[in-house]
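Asks: Next come a sequence and a model predicted from it.
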Amino acid sequence: MEINASNSPLSETQTTGYCAVMFADVAGSTKLYDELGDEIANSVISQVITMMQASTEAFSGVVIKTIGDEVMCQFDSADDAAKAAIQIQEKLELGLVQGTFVAVRIGFHCGAVIFRDDGDLFGDTVNVAARMAGIAKGRQIILTESATKELSAGLAEKSREFDKIPVKGKAEEIRVCELVWEETGVTRMISIDSLNSQLNEELYLSCGDANTRMTLNSSSVQIGRSAVCDLVVNADLASRTHAKISVKRGKFVLADQSTNGTFVLADDGQESYLRREELVLNGSGTISLGNNANDCASYALITYEVNLTAK
(Lines give C-alpha, C1' and ligand atoms only; values in the text may rest on other atoms or scores of the structure.)
Protein backbone atom coordinates (compact mmCIF):
# COMPACT_ATOMS: atom_id res chain seq x y z
CA MET A 1 0.00 0.00 0.00
CA GLU A 2 1.40 3.35 -1.03
CA ILE A 3 0.99 6.20 1.44
CA ASN A 4 1.66 9.83 0.59
CA ALA A 5 2.43 12.16 3.46
CA SER A 6 0.79 15.56 3.30
CA ASN A 7 2.65 18.86 3.65
CA SER A 8 -0.29 20.40 5.53
CA PRO A 9 -0.14 21.07 9.26
CA LEU A 10 -2.01 17.78 9.72
CA SER A 11 0.92 15.80 8.28
CA GLU A 12 2.51 15.41 11.72
CA THR A 13 -0.37 13.19 12.82
CA GLN A 14 -2.06 12.09 9.58
CA THR A 15 -1.17 10.60 6.21
CA THR A 16 -3.29 9.65 3.24
CA GLY A 17 -3.33 6.46 1.20
CA TYR A 18 -5.41 3.89 -0.65
CA CYS A 19 -6.68 0.59 0.72
CA ALA A 20 -9.66 -1.72 1.15
CA VAL A 21 -11.71 -1.22 4.30
CA MET A 22 -13.88 -4.04 5.61
CA PHE A 23 -16.44 -4.18 8.41
CA ALA A 24 -17.74 -7.48 9.79
CA ASP A 25 -20.15 -7.96 12.65
CA VAL A 26 -22.31 -10.60 14.27
CA ALA A 27 -25.87 -10.47 12.95
CA GLY A 28 -28.59 -10.55 15.59
CA SER A 29 -26.22 -10.21 18.56
CA THR A 30 -29.02 -8.69 20.66
CA LYS A 31 -31.01 -11.88 20.21
CA LEU A 32 -27.97 -13.94 21.24
CA TYR A 33 -27.74 -12.05 24.52
CA ASP A 34 -31.45 -12.53 25.13
CA GLU A 35 -31.34 -16.27 24.42
CA LEU A 36 -27.96 -17.22 25.92
CA GLY A 37 -27.46 -14.68 28.66
CA ASP A 38 -24.68 -12.12 28.92
CA GLU A 39 -21.82 -14.42 29.90
CA ILE A 40 -22.29 -17.13 27.26
CA ALA A 41 -23.22 -14.67 24.49
CA ASN A 42 -20.15 -12.56 25.24
CA SER A 43 -17.96 -15.69 25.10
CA VAL A 44 -19.47 -16.75 21.75
CA ILE A 45 -19.03 -13.30 20.23
CA SER A 46 -15.46 -13.03 21.53
CA GLN A 47 -14.64 -16.35 19.86
CA VAL A 48 -16.09 -15.11 16.57
CA ILE A 49 -14.14 -11.85 16.85
CA THR A 50 -10.92 -13.84 17.39
CA MET A 51 -11.71 -15.96 14.34
CA MET A 52 -12.39 -12.89 12.20
CA GLN A 53 -9.09 -11.36 13.31
CA ALA A 54 -7.23 -14.57 12.36
CA SER A 55 -8.80 -14.61 8.89
CA THR A 56 -7.96 -10.92 8.43
CA GLU A 57 -4.31 -11.49 9.31
CA ALA A 58 -4.16 -14.62 7.11
CA PHE A 59 -4.65 -12.35 4.08
CA SER A 60 -2.23 -9.59 5.11
CA GLY A 61 -4.97 -7.51 6.70
CA VAL A 62 -4.93 -5.52 9.92
CA VAL A 63 -7.76 -5.25 12.44
CA ILE A 64 -7.94 -1.51 13.09
CA LYS A 65 -10.38 -1.83 15.98
CA THR A 66 -13.20 -3.85 17.45
CA ILE A 67 -16.46 -2.17 18.42
CA GLY A 68 -18.62 -4.53 20.46
CA ASP A 69 -19.48 -7.36 18.06
CA GLU A 70 -17.87 -5.65 15.04
CA VAL A 71 -14.38 -5.52 13.58
CA MET A 72 -13.00 -2.85 11.25
CA CYS A 73 -10.16 -4.09 9.05
CA GLN A 74 -7.74 -2.72 6.47
CA PHE A 75 -6.29 -4.58 3.47
CA ASP A 76 -3.86 -3.68 0.72
CA SER A 77 -6.21 -4.91 -2.01
CA ALA A 78 -9.81 -5.81 -2.79
CA ASP A 79 -8.73 -9.41 -3.40
CA ASP A 80 -7.31 -9.72 0.12
CA ALA A 81 -10.48 -8.29 1.64
CA ALA A 82 -12.66 -10.62 -0.44
CA LYS A 83 -10.60 -13.71 0.46
CA ALA A 84 -10.70 -12.87 4.17
CA ALA A 85 -14.46 -12.26 4.00
CA ILE A 86 -15.05 -15.58 2.23
CA GLN A 87 -12.90 -17.47 4.72
CA ILE A 88 -14.84 -15.97 7.64
CA GLN A 89 -18.15 -17.08 6.14
CA GLU A 90 -16.80 -20.53 5.29
CA LYS A 91 -15.47 -21.07 8.83
CA LEU A 92 -18.84 -20.22 10.34
CA GLU A 93 -20.57 -22.48 7.81
CA LEU A 94 -18.52 -25.47 8.98
CA GLY A 95 -20.06 -25.69 12.43
CA LEU A 96 -21.53 -24.11 15.52
CA VAL A 97 -19.71 -21.79 17.91
CA GLN A 98 -20.08 -23.26 21.38
CA GLY A 99 -23.22 -25.03 20.25
CA THR A 100 -24.72 -21.85 18.80
CA PHE A 101 -25.34 -20.92 15.16
CA VAL A 102 -23.74 -17.54 14.47
CA ALA A 103 -24.13 -15.50 11.29
CA VAL A 104 -21.83 -12.65 10.29
CA ARG A 105 -22.55 -9.83 7.86
CA ILE A 106 -19.65 -8.28 5.97
CA GLY A 107 -19.17 -5.21 3.79
CA PHE A 108 -16.17 -3.58 2.16
CA HIS A 109 -15.13 -0.77 -0.16
CA CYS A 110 -11.84 0.45 -1.65
CA GLY A 111 -10.60 4.01 -1.85
CA ALA A 112 -8.57 6.84 -0.36
CA VAL A 113 -8.39 7.02 3.44
CA ILE A 114 -6.73 9.14 6.10
CA PHE A 115 -4.38 7.27 8.44
CA ARG A 116 -3.72 8.55 11.93
CA ASP A 117 -0.59 7.88 13.93
CA ASP A 118 -2.63 5.98 16.52
CA GLY A 119 -3.49 3.38 13.84
CA ASP A 120 -7.05 4.50 13.22
CA LEU A 121 -8.28 5.52 9.79
CA PHE A 122 -11.24 7.50 8.57
CA GLY A 123 -12.75 9.28 5.59
CA ASP A 124 -15.39 8.70 2.94
CA THR A 125 -14.12 5.20 2.12
CA VAL A 126 -14.57 4.12 5.74
CA ASN A 127 -18.11 5.51 5.81
CA VAL A 128 -19.09 3.74 2.59
CA ALA A 129 -17.57 0.43 3.79
CA ALA A 130 -19.60 0.70 7.01
CA ARG A 131 -22.72 1.35 4.92
CA MET A 132 -22.05 -1.85 2.95
CA ALA A 133 -21.92 -3.89 6.14
CA GLY A 134 -25.03 -2.12 7.34
CA ILE A 135 -27.15 -3.32 4.44
CA ALA A 136 -25.74 -6.86 4.45
CA LYS A 137 -27.73 -9.63 6.08
CA GLY A 138 -26.27 -12.53 8.02
CA ARG A 139 -24.02 -14.75 5.85
CA GLN A 140 -23.79 -12.04 3.16
CA ILE A 141 -20.77 -10.19 1.76
CA ILE A 142 -21.70 -6.83 0.23
CA LEU A 143 -19.29 -4.54 -1.63
CA THR A 144 -19.44 -1.54 -3.92
CA GLU A 145 -19.39 -2.01 -7.67
CA SER A 146 -16.15 -0.01 -7.78
CA ALA A 147 -14.54 -2.52 -5.41
CA THR A 148 -15.81 -5.37 -7.59
CA LYS A 149 -13.93 -3.88 -10.54
CA GLU A 150 -10.69 -4.23 -8.57
CA LEU A 151 -11.15 -7.96 -7.99
CA SER A 152 -9.18 -10.53 -9.96
CA ALA A 153 -11.13 -12.51 -12.55
CA GLY A 154 -11.81 -15.54 -10.36
CA LEU A 155 -13.27 -13.47 -7.54
CA ALA A 156 -15.09 -11.07 -9.85
CA GLU A 157 -17.00 -14.06 -11.25
CA LYS A 158 -18.47 -14.61 -7.79
CA SER A 159 -19.89 -11.08 -7.73
CA ARG A 160 -23.39 -10.17 -8.83
CA GLU A 161 -25.36 -6.94 -8.98
CA PHE A 162 -27.35 -6.42 -5.78
CA ASP A 163 -28.87 -2.92 -5.68
CA LYS A 164 -28.41 0.81 -6.10
CA ILE A 165 -28.59 2.72 -2.83
CA PRO A 166 -28.37 6.29 -1.55
CA VAL A 167 -25.34 7.05 0.63
CA LYS A 168 -25.26 10.01 2.97
CA GLY A 169 -23.07 12.80 1.59
CA LYS A 170 -23.18 11.54 -2.01
CA ALA A 171 -25.28 13.21 -4.68
CA GLU A 172 -25.87 10.05 -6.69
CA GLU A 173 -26.82 6.53 -5.67
CA ILE A 174 -24.03 3.97 -5.80
CA ARG A 175 -24.19 0.49 -7.27
CA VAL A 176 -23.81 -2.35 -4.79
CA CYS A 177 -22.81 -5.96 -5.42
CA GLU A 178 -22.94 -9.21 -3.47
CA LEU A 179 -19.96 -11.56 -3.34
CA VAL A 180 -21.49 -15.04 -3.53
CA TRP A 181 -19.16 -17.21 -1.47
CA GLU A 182 -21.23 -20.41 -1.44
CA GLU A 183 -20.40 -22.66 -4.38
CA THR A 184 -24.07 -23.51 -4.93
CA GLY A 185 -24.85 -19.84 -5.31
CA VAL A 186 -22.32 -19.26 -8.08
CA THR A 187 -23.70 -21.78 -10.55
CA ARG A 188 -26.40 -19.51 -11.95
CA MET A 189 -26.51 -15.74 -11.73
CA ILE A 190 -29.67 -13.77 -12.41
CA SER A 191 -29.86 -10.02 -12.86
CA ILE A 192 -31.99 -7.76 -10.68
CA ASP A 193 -34.17 -6.76 -13.65
CA SER A 194 -34.72 -10.39 -14.59
CA LEU A 195 -35.57 -11.32 -11.02
CA ASN A 196 -38.03 -8.46 -10.68
CA SER A 197 -39.76 -9.58 -13.87
CA GLN A 198 -40.46 -12.99 -12.30
CA LEU A 199 -41.28 -11.99 -8.72
CA ASN A 200 -43.62 -9.59 -7.02
CA GLU A 201 -43.34 -8.08 -3.54
CA GLU A 202 -46.11 -6.83 -1.30
CA LEU A 203 -45.68 -4.71 1.83
CA TYR A 204 -48.22 -4.94 4.64
CA LEU A 205 -48.37 -2.21 7.30
CA SER A 206 -50.56 -2.16 10.39
CA CYS A 207 -50.88 0.12 13.40
CA GLY A 208 -53.66 -0.62 15.87
CA ASP A 209 -56.84 -1.02 13.87
CA ALA A 210 -55.40 0.72 10.80
CA ASN A 211 -53.63 -1.16 8.03
CA THR A 212 -52.54 -0.67 4.46
CA ARG A 213 -50.90 -2.63 1.68
CA MET A 214 -48.38 -1.67 -1.00
CA THR A 215 -47.29 -3.41 -4.17
CA LEU A 216 -44.42 -2.58 -6.47
CA ASN A 217 -46.91 -0.63 -8.58
CA SER A 218 -47.95 1.61 -5.68
CA SER A 219 -46.85 5.23 -5.56
CA SER A 220 -46.19 5.93 -1.87
CA VAL A 221 -47.61 5.72 1.65
CA GLN A 222 -47.37 8.74 3.96
CA ILE A 223 -47.12 8.03 7.71
CA GLY A 224 -47.64 10.51 10.55
CA ARG A 225 -50.05 12.23 12.97
CA SER A 226 -51.87 14.25 10.33
CA ALA A 227 -55.30 13.06 9.22
CA VAL A 228 -54.17 13.44 5.60
CA CYS A 229 -51.63 10.62 6.00
CA ASP A 230 -52.31 7.21 4.52
CA LEU A 231 -51.44 5.59 7.84
CA VAL A 232 -52.28 7.79 10.83
CA VAL A 233 -50.13 7.14 13.91
CA ASN A 234 -50.96 8.95 17.14
CA ALA A 235 -47.50 8.77 18.70
CA ASP A 236 -46.45 11.53 21.10
CA LEU A 237 -43.17 12.25 19.31
CA ALA A 238 -44.41 11.71 15.76
CA SER A 239 -44.40 14.58 13.26
CA ARG A 240 -47.50 15.44 11.25
CA THR A 241 -45.93 13.96 8.11
CA HIS A 242 -43.27 11.84 9.76
CA ALA A 243 -42.12 9.35 7.11
CA LYS A 244 -42.91 8.09 3.64
CA ILE A 245 -42.56 4.68 2.02
CA SER A 246 -41.97 4.69 -1.73
CA VAL A 247 -41.09 2.11 -4.35
CA LYS A 248 -37.60 2.60 -5.77
CA ARG A 249 -35.89 0.13 -8.12
CA GLY A 250 -38.27 -2.63 -7.09
CA LYS A 251 -37.75 -2.06 -3.35
CA PHE A 252 -39.86 -0.58 -0.58
CA VAL A 253 -37.86 2.36 0.74
CA LEU A 254 -38.69 4.08 4.04
CA ALA A 255 -37.65 7.76 4.15
CA ASP A 256 -37.66 9.71 7.42
CA GLN A 257 -38.98 13.30 7.15
CA SER A 258 -39.30 14.07 10.85
CA THR A 259 -37.78 16.05 13.69
CA ASN A 260 -37.24 13.13 16.09
CA GLY A 261 -36.32 10.38 13.66
CA THR A 262 -37.66 6.92 12.86
CA PHE A 263 -36.64 3.61 14.45
CA VAL A 264 -36.82 0.31 12.56
CA LEU A 265 -36.40 -2.97 14.42
CA ALA A 266 -36.19 -6.01 12.15
CA ASP A 267 -37.27 -9.39 13.48
CA ASP A 268 -33.68 -10.62 13.15
CA GLY A 269 -32.68 -8.11 15.85
CA GLN A 270 -31.09 -5.48 13.62
CA GLU A 271 -32.11 -1.96 14.65
CA SER A 272 -31.75 1.14 12.48
CA TYR A 273 -32.24 4.79 13.34
CA LEU A 274 -33.11 7.13 10.49
CA ARG A 275 -33.02 10.91 10.56
CA ARG A 276 -33.57 12.43 7.14
CA GLU A 277 -32.26 9.13 5.76
CA GLU A 278 -33.63 6.15 3.84
CA LEU A 279 -33.78 2.40 4.48
CA VAL A 280 -34.87 -0.52 2.31
CA LEU A 281 -37.49 -2.61 4.13
CA ASN A 282 -36.96 -6.36 3.97
CA GLY A 283 -38.52 -9.24 5.86
CA SER A 284 -40.61 -8.15 8.81
CA GLY A 285 -40.33 -6.03 11.92
CA THR A 286 -41.59 -2.87 13.58
CA ILE A 287 -41.39 0.85 12.83
CA SER A 288 -41.69 3.41 15.62
CA LEU A 289 -41.92 7.17 15.22
CA GLY A 290 -39.74 9.34 17.45
CA ASN A 291 -39.11 6.57 20.01
CA ASN A 292 -37.49 3.16 19.82
CA ALA A 293 -39.79 0.16 19.91
CA ASN A 294 -39.26 -0.53 23.63
CA ASP A 295 -40.43 2.99 24.58
CA CYS A 296 -43.24 3.19 22.06
CA ALA A 297 -46.84 2.61 23.11
CA SER A 298 -48.32 -0.51 21.52
CA TYR A 299 -51.09 1.47 19.81
CA ALA A 300 -48.44 3.62 18.05
CA LEU A 301 -46.20 0.75 16.95
CA ILE A 302 -46.25 -0.04 13.22
CA THR A 303 -45.64 -3.61 12.12
CA TYR A 304 -44.41 -4.31 8.61
CA GLU A 305 -43.99 -7.45 6.52
CA VAL A 306 -42.60 -7.82 3.02
CA ASN A 307 -43.84 -10.92 1.21
CA LEU A 308 -42.36 -12.24 -2.01
CA THR A 309 -44.71 -13.97 -4.44
CA ALA A 310 -44.39 -15.33 -7.95
CA LYS A 311 -46.12 -13.36 -10.70
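Replies: Done, it's in. It should be emphasised that the depicted structure is a prediction, and the values quoted were computed from it without experimental measurement.

Asks: alpha carbons only for contacts and neighbour counts from here, please
Replies: Noted.

Asks: what separates the helix or strand hosting residue 113 from the chain centre, distance-wise?
Replies: Using DSSP states H and E, residue 113 falls within strand 104-116. Here the centre of strand 104-116 is set off from its chain's centre by 14 Å, with Cα atoms, centre = their mean, to the nearest Å.

Asks: what packs against it?
Replies: Helices and strands in packing contact with strand 104-116 are listed as strand 14-26, helix 78-94, strand 121-122, helix 124-135, strand 141-144, helix 145-148; criterion 3 or more Cα pairs under 8 Å, 6 or more residues apart in numbering; DSSP states H and E.

Asks: from these, which stretch is densest packed?
Replies: Among the helices and strands packed on strand 104-116, strand 141-144 has the highest mean neighbour count (mean count of other Cα atoms under 10 Å), at a mean of 28.

Asks: in its sheet, what does that one sit against?
Replies: Using DSSP bridges, the neighbouring strands of strand 141-144 in the sheet come out as strand 104-116 (parallel), strand 174-179 (antiparallel).

Asks: Dump the helices and strands packed on strand 104-116 to JSON lines, plus mean pLDDT.
Replies: As requested, these are exported to JSON lines (pLDDT from 0 to 100):
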{"stretch": "strand 14-26", "mean pLDDT": "93"}
{"stretch": "helix 78-94", "mean pLDDT": "93"}
{"stretch": "strand 121-122", "mean pLDDT": "88"}
{"stretch": "helix 124-135", "mean pLDDT": "92"}
{"stretch": "strand 141-144", "mean pLDDT": "96"}
{"stretch": "helix 145-148", "mean pLDDT": "96"}
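
Asks: So if we follow the domain assignment, how does the chain break up?
Replies: According to automatic domain parsing, the chain is divided into the following domains: 15-189, 197-310.

Asks: got a list of what the residue lying closest to residue 164 once chain neighbours are set aside touches?
Replies: Counting by Cα to Cα, 6 or more residues apart in numbering, residue 175 is the residue found nearest to residue 164 once chain neighbours are left out, at 4.4 Å. With contacts defined as Cα atoms under 8 Å, 6 or more residues apart in numbering, residue 175 is in contact with 144, 145, 161, 162, 163, 164, 165.

Asks: The first one and residue 176 touch, don't they?
Replies: Pointing back at residue 144 there. Yes: in this structure, residue 144 sits in contact with residue 176. The criterion is Cα atoms under 8 Å, and the distance is 4.5 Å.

Asks: and for those two, which residues touch both?
Replies: Common neighbours of residue 144 and residue 176 (criterion: Cα under 8 Å, 6+ apart): residue 132.

Asks: In this structure, where's the longest helix?
Replies: Using DSSP state H, we find that the single longest helix of the chain is helix 38-58.

Asks: So which elements touch the following helix or strand past that one?
Replies: Proceeding C-terminally, helix 38-58 gives way to strand 62-67 as the next helix or strand, assigned by DSSP H and E. Applying 3+ Cα pairs under 8 Å, 6+ apart, one finds that strand 62-67 makes contact with helix 38-58, strand 70-75.

Asks: winner for burial among these?
Replies: Here the criterion is mean neighbour count by mean count of other Cα under 10 Å, and of the helices and strands packed on strand 62-67 the winner is strand 70-75, at a mean of 24.

Asks: Who does that one pair with, and is each partner parallel or antiparallel?
Replies: Each strand paired with strand 70-75, and its direction, by DSSP bridges: strand 14-26 (antiparallel), strand 62-67 (antiparallel).

Asks: Just the ones of the contacts of residue 175 in strands?
Replies: Residues of these located in strands (DSSP state E): 144, 161, 162, 163, 164, 165.

Asks: can the residues you listed go into a markdown table with extra columns for distance to residue 75?
Replies: Written out in a markdown table, the entries for the ones in strands among the contacts of residue 175 read as follows (distance: Cα to Cα, whole Å):
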| residue | distance to residue 75 |
| --- | --- |
| 144 | 15 |
| 161 | 23 |
| 162 | 23 |
| 163 | 24 |
| 164 | 25 |
| 165 | 24 |
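
Asks: in the stretch 51-200 of the chain, which segments are predicted with low confidence?
Replies: 95, 183-200 (pLDDT under 70).

Asks: do that again at 80, thanks
Replies: By pLDDT under 80, the low-scoring segments of the stretch 51-200 of the chain are 94-96, 99, 166-172, 182-200.

Asks: Return the distance of the closest residue to residue 301 other than its chain neighbours relative to residue 24.
Replies: Beyond its immediate neighbours in the sequence, the residue positioned closest to residue 301 (Cα to Cα, 6+ apart) is residue 288, lying 5.4 Å away. For residue 288, the distance to residue 24 under the criterion Cα to Cα, to the nearest Å works out to 27 Å.
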